Every structure is written in structure tokens, then in C-alpha cells.
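In: Please work out how this folds:
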Amino acid sequence: GGGGGDGGVDWGDGSFRCERVSVSLETEEVVVAGAVDDVGPGSTPNKSLADRERDGECVVTRKVWCERSEWTLETRETHFCLASPTDAPASFRTSRARLRWIARFEFTATAARGGGRRVERKVEWRMPVEMSGAHASGLWARGTARGVP
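Out: Got it, this is the predicted structure:
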């Protein structure tokens with residue numbers, strides 16, 4: 001079993017056409033750097049993991065588990081289905097580490113301009129995914145990406 005979603009991207013006045021859609025299922029492991037001291041001079045006691053990450057006190061390791069990409073020119077709709085690997089770890093969070101799952105979508109669109117020039121726009125959307133131990137080996141990410149006609 002799994003969840004699903006449906007969405008679209010507005011490229012403005014319609015002169016842009018979606019040419020490529022890519023989707024990937026990724027993890028980001030965030031770990032507080034070993035040299036950070038919670039009780040040293042100038043430190044903030046009980047600083048949150050989010051604050052530490054924002055302040056550059058964490059090491060972030062990214063892993064792409066699966067991905068799919070397709071050319072969509074002249075396509076009104078496209079679909080995707082990503083399955084998590086059987087050895088996929090569950091999401092977790094502690095005061096000093098976190099493993100978060102992300103479904104990352106990238107849409108590439110182009111428009112013709114005067115003089116034969118082409119203008120390209122890319123839009124990236126990152127959607128958090130909560131992966132539990134019971135679902136980690138059987139999650140299916142399903143969705144639809146609609147191309148701009």
C-alpha cells in the first residue's frame with residue numbers, strides 16, 4: 001500500500017512547454033558535527049537540531065535510492081511510480097541526528113524567443129515523506145505530473 005498525489009505546474013502565460021520531468025526518492029542524513037559542544041563558552045544549551053543545521057553545525061549526507069526521468073514534450077500528462085528498496089531505513093529523529101526521506105521533483109520547461117533563442121526554466125519541488133519501519137520495505141510513491149499543453 002502507499003499514498004498518492006496529483007499536481008501541476010503553472011508556467012505563466014502558456015508560452016513555456018514542459019519538456020522533462022524527473023522524480024527521485026532520497027534520504028538526507030543530518031548529524032551534528034562531533035566538535036560541537038553543548039556546554040562550552042558561547043554555546044546555546046539545548047540548541048535544536050534544526051538550529052544546528054541552519055547554523056552549519058551539521059554534516060548532511062544525501063543518498064538517491066531510486067529515480068525516474070522522462071521527456072514529456074507534447075505530452076499532456078505523465079505518471080510515475082517509485083518503489084522504496086527493501087533495505088530502506090525508516091525515518092527517525094533524535095536531538096543530534098535525523099534521517100529524512102524526500103521525494104524530489106524537477107520540471108524543465110522551454111520557450112521559443114525571437115531570433116531562434118530558447119529560454120529554459122527549471123522548477124524543483126521537494127516533498128517530505130515519512131517512512132515508518134512497517135512501510136519502509138513496501139512504500140510505493142505514486143503520483144501524476146501534468147505537462148503544460
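In: Give me the neighbour count for T94.
Out: Neighbours of T94 under the rule other C-beta atoms under 10 Å: 10. In short, each C-beta sits where N, CA and C put it, glycine included.
In: for the closest residue to it other than its chain neighbours, phi and psi?
Out: Spatial nearest neighbour of T94, excluding adjacent residues (C-beta to C-beta, 6 or more residues apart in numbering): L49 at 7.8 Å. Backbone torsions of L49, given as degrees, to the nearest 10, read phi -60, psi -40.
In: in this protein, which spans are strands?
Out: Using DSSP state E, the strands of the chain run over residues 6-8, 17-32, 58-71, 77-83, 92-93, 97-112, 118-129, 140-146.
In: show me what contacts the residue nearest to T94?
Out: L49 sits next to V30, V32, C58, R93, T94, S95, R96, A97, R98 when contact means C-beta atoms under 8 Å, 6 or more residues apart in numbering.
In: One more: T27?
Out: Neighbours of T27 in contact, by C-beta under 8 Å, 6+ apart: R62, K63, W65, P89, L99, R100, W101, I102.
In: Now rank those residues by neighbours and give me the top one.
Out: W101 (22 neighbours).
In: Specify the beta-bridge partners of that residue.
Out: Residues in a beta bridge with W101, per DSSP bridges, are T27, V129.
In: From K47, how far out is it?
Out: The gap separating W101 from K47 is 24 Å, by C-beta to C-beta, to the nearest Å.
In: and what of W65?
Out: W65 is 30 Å from K47, where distance means C-beta to C-beta.
In: go on, E67?
Out: 34 Å.
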